[in-house]
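Novice: below are the sequence and a predicted model for it; my questions follow.
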Amino acid sequence: MKAVRLTRIGKPLQLQEVSLPHPGERDVLIRVKAAGICHSDVHYRAGVSPVGLLPQTLGHEIAGIVEEIGSQVIAPKIGDRVCIHYQLSCGDCYFCTSGNDQFCKHGMMIGKHFDGGYAEYIAVPARNAILLPDEIPFEQGAVLMCSSATSFHALRKARLKAGETVAIFGAGGLGISAIQLARIFGALEVYSVDINKDKLKLAEKFGAIPINATEEDPVASIYRQTKKRGVDVALEVIGLPQTMRQAVQSLAVFGRAGLVGITDQSFEIHSYQELLGKEAEVIGCSDHLLQELPLLIEFVRRKKLDLSHVITDKIPLEADLINEVMDKMERFSSEVRTVICP
Ligand SMILES: [Zn+2]
Ligand SMILES: [Zn+2]
């Protein structure tokens, strides 16, 4: 079969002919129908984030059709539409058995440590293949598995309740999903902070109150608009010390700041004024869980979570085209999402 693979760090991906993966007794073989090109893939190619042994087939946002099942597999069945949870976990360690598979002692990531979806076929453990209803296009099923799932996990970690107010720092892929999910959770008001007018327009379309940080101080604006109360939940999905600090500063009494964006820099917190005095919390949010995906998919099926604006382009499984998209993402760090449809 054809696979587009990372053969050397810092070099363009290459089309290679590789043997068809053979599913083990608890695995399924999936014919890939859609594979999203994610910013992490661009980082892997550039060597910014490490990958497993090379050559490696990239692609962790995957949806397709079950073509073959191992002898011990009960579900899914041949012909089922599925999307793939990219975290491979053992299912048996302490973290897996307590439902926290993202901390699995033997965890690996598809498309990073294990050949991914930039290929015609992929074999994965049956438990990683989650049913995708007919109403959801494969492309949406694929991209849903990354940014939307992470936003969903973060709002759960921040314990958002109906009737609360939320501020989301960052209106890209994660942010727009977070806005819609916060509304599904019953948030009264959702403030969306960004510096990009187009992103803020989209945020507003999904019911958020836009705050342009180039025009006003977001913390002051949130205090003004919440009658000096602050927000119950603030999510930071950018990965900048400045916006992490602003998220904490925007909190009301008992407020929770969920940090999702990744950075290696630290940020300042005034312990009394910003945490102790308010009994506020800062919560780290890492990735997402297998158990969260079925409900997330149901939100999309019911059109409560709209992903129709997310996918901007579809390309075939061709190395040149994929490299071109990655070059563009590297140069403009654009929010457009291209999906490979082999
Ligand atoms: Zn991704
Ligand atoms: Zn485990």
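Specialist: Yes, it's here. Ligands and ions are numbered 1, 2, ... in the order given.
Novice: how close does residue 267 sit to residue 295?
Specialist: 32 Å (CB to CB, to the nearest Å). Glycine gets a C-beta too; all of them are placed from N, C-alpha and C.
Novice: run through the residues of the stretch 1-150 of the chain sitting next to ligand 1.
Specialist: For the stretch 1-150 of the chain, the contact set with ligand 1 under CB under 5 Å from the ion comprises 38, 146.
Novice: helices of the stretch 151-300 of the chain, residue ranges please.
Specialist: For the stretch 151-300 of the chain, helices defined by DSSP state H, counting those that start in this stretch occupy the ranges 173-184, 197-205, 218-225, 241-249, 293-301.
Novice: return the distance of stretch 132-149 from the chain's centre.
Specialist: Here stretch 132-149 is found 11 Å from its chain centre; the criterion is CA atoms, centre = their mean, to the nearest Å.
Novice: okay, buried residues for that stretch please.
Specialist: Using 16 or more other CB atoms under 10 Å as the test for burial, stretch 132-149 gives 132, 136-149.
Novice: so which of these would you say is closest to residue 217?
Specialist: Nearest to residue 217 among those: residue 147, at 27.3 Å, using CB to CB.
Novice: show the pLDDT at the nearest residue to that closest one once chain neighbours are set aside.
Specialist: Closest residue to residue 147 apart from its sequence neighbours, by CB to CB, 6 or more residues apart in numbering: residue 173 at 4.1 Å. Note on residue 173: pLDDT of 86.
Novice: mind listing what residue 173 touches?
Specialist: By CB atoms under 8 Å, 6 or more residues apart in numbering, the residues touching residue 173 are 143, 147, 148, 310, 335, 337.
Novice: tell me how far the last one lies from residue 23.
Specialist: Counting by CB to CB, the separation of residue 337 from residue 23 is 29 Å.
Novice: the closest residue to residue 40 other than its chain neighbours and ligand 2: what is the separation?
Specialist: Using CB to CB, 6+ apart and skipping the chain neighbours, the partner closest in space to residue 40 is residue 49 (6.5 Å). Using CB to the ion, to the nearest Å, residue 49 is found at 22 Å from ligand 2.
Novice: same check, this time on residue 101
Specialist: From residue 101 to ligand 2 the distance is 6 Å (CB to the ion).
Novice: if we can go back for a sec, could you identify the most distant pair in the contacts of residue 173?
Specialist: Within these, 148 and 335 form the most distant pair, 13.8 Å apart (CB to CB).
Novice: re the thing from before, for the contacts of residue 173, give me a markdown table that also has secondary structure and pLDDT.
Specialist: As requested, the contacts of residue 173 are exported to a markdown table (DSSP: H, G, I helix; E, B strand; the rest coil; pLDDT from 0 to 100):
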| residue | secondary structure | pLDDT |
| --- | --- | --- |
| 143 | helix | 92 |
| 147 | helix | 89 |
| 148 | helix | 94 |
| 310 | coil | 85 |
| 335 | coil | 63 |
| 337 | strand | 84 |
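Novice: of the helices of the stretch 151-300 of the chain, which approaches ligand 1 most closely?
Specialist: Minimum separation from ligand 1 across those (CB to the ion) falls at helix 173-184, 8.8 Å.
Novice: right, I'll call it a day here.
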